[in-house]
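[1] My questions are about this predicted structure, shown below with the sequence.
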Amino acid sequence: MYGDLDLIEIDNRIDTVMFKSVLRGTRNPTDSTLWFPKTVFEDNVNVLWIAEPQSVMRVGKGKPRRFTFGIEDRSPQFLRSFAFFEDRKGFLYTTSYAGNVYMFDDDEYIFIKEPISFPPRLPT
C-alpha cells in the first residue's frame, strides 16, 4: 500500500493487522525517499517500480534508484503519472501520462524511449 509519502507493507494476521514501513517519503525528493507515489508495479523478478509525478523509483535489492523524466512526461494530474507493463519476454515498459513509451534497458540501467506513443487522454 502507498500513501503520499510512504510505501507500507500490510501483514493481515488472524487477530491483528501489522503495518511495516518499506520506504519513507519526503516533500523534497532524494535518492532514497519517495515523493508522492502514484502507482506500484511488481515485475517478474520481484522488483517494485513506483510511479511519481516526474520520475520512476526502482526498489529491489540494495539502494532504491530514481529515474527522472523530462518535463514533457511530467504529469499535470495529482492522481496519475506513469503506468507499467511487461511484454511476453519480460521486458519492462513504462508509459508517461503524455503517452510516451519507454523500455527499461537492464544492461545500461536506463529507460529508452520507444518510437511509439499512445494518445494522451484529453479532458472530457
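    On my side now, so go ahead.
[2] for this protein, what helix or strand is lowest in average pLDDT?
    When the helices and strands of the chain are scored by mean pLDDT, DSSP states H and E, strand 2-3 comes last with a mean of 64.
[3] Now the residue of the chain positioned farthest from its centre: which helix or strand?
    Here the chain reaches farthest from its C-alpha mean at residue 15, the gap being 32.5 Å by Cα atoms, centre = their mean. Using DSSP states H and E, residue 15 sits in no helix or strand.
[4] do the same with residue 94
    Judged by DSSP H and E, residue 94 forms part of strand 92-95.
[5] Contacts only, for the residue nearest to residue 18 when sequence neighbours are not counted.
    Distances taken as Cβ to Cβ, 6 or more residues apart in numbering put residue 11 closest to residue 18, at 4.1 Å, once the chain neighbours are dropped. Where you see a C-beta, it was placed from the backbone N, CA and C, and this is true even at glycine. By Cβ atoms under 8 Å, 6 or more residues apart in numbering, the contact list for residue 11 reads 17, 18, 19, 20.
[6] Got the phi and psi for residue 11?
    Main-chain torsions, residue 11, degrees, to the nearest 10: phi -110, psi 100.
[7] oh, and call the first residue 57 from now on, that's how I've got it
    Sounds good: first residue 57 from here, last item residue 67.
[8] Based on its surroundings, how many neighbours for residue 169?
    Using other Cβ atoms under 10 Å, residue 169 has 14 neighbouring residues.
[9] swap that for residue 138, please
    26.
[10] Return the residues in contact with it.
    By Cβ under 8 Å, 6+ apart, the contact list for residue 138 reads 94, 95, 107, 108, 112, 125, 129, 131, 150, 151, 152, 153.
[11] try residue 98
    Neighbouring residues of residue 98 by Cβ under 8 Å, 6+ apart: 104, 105.
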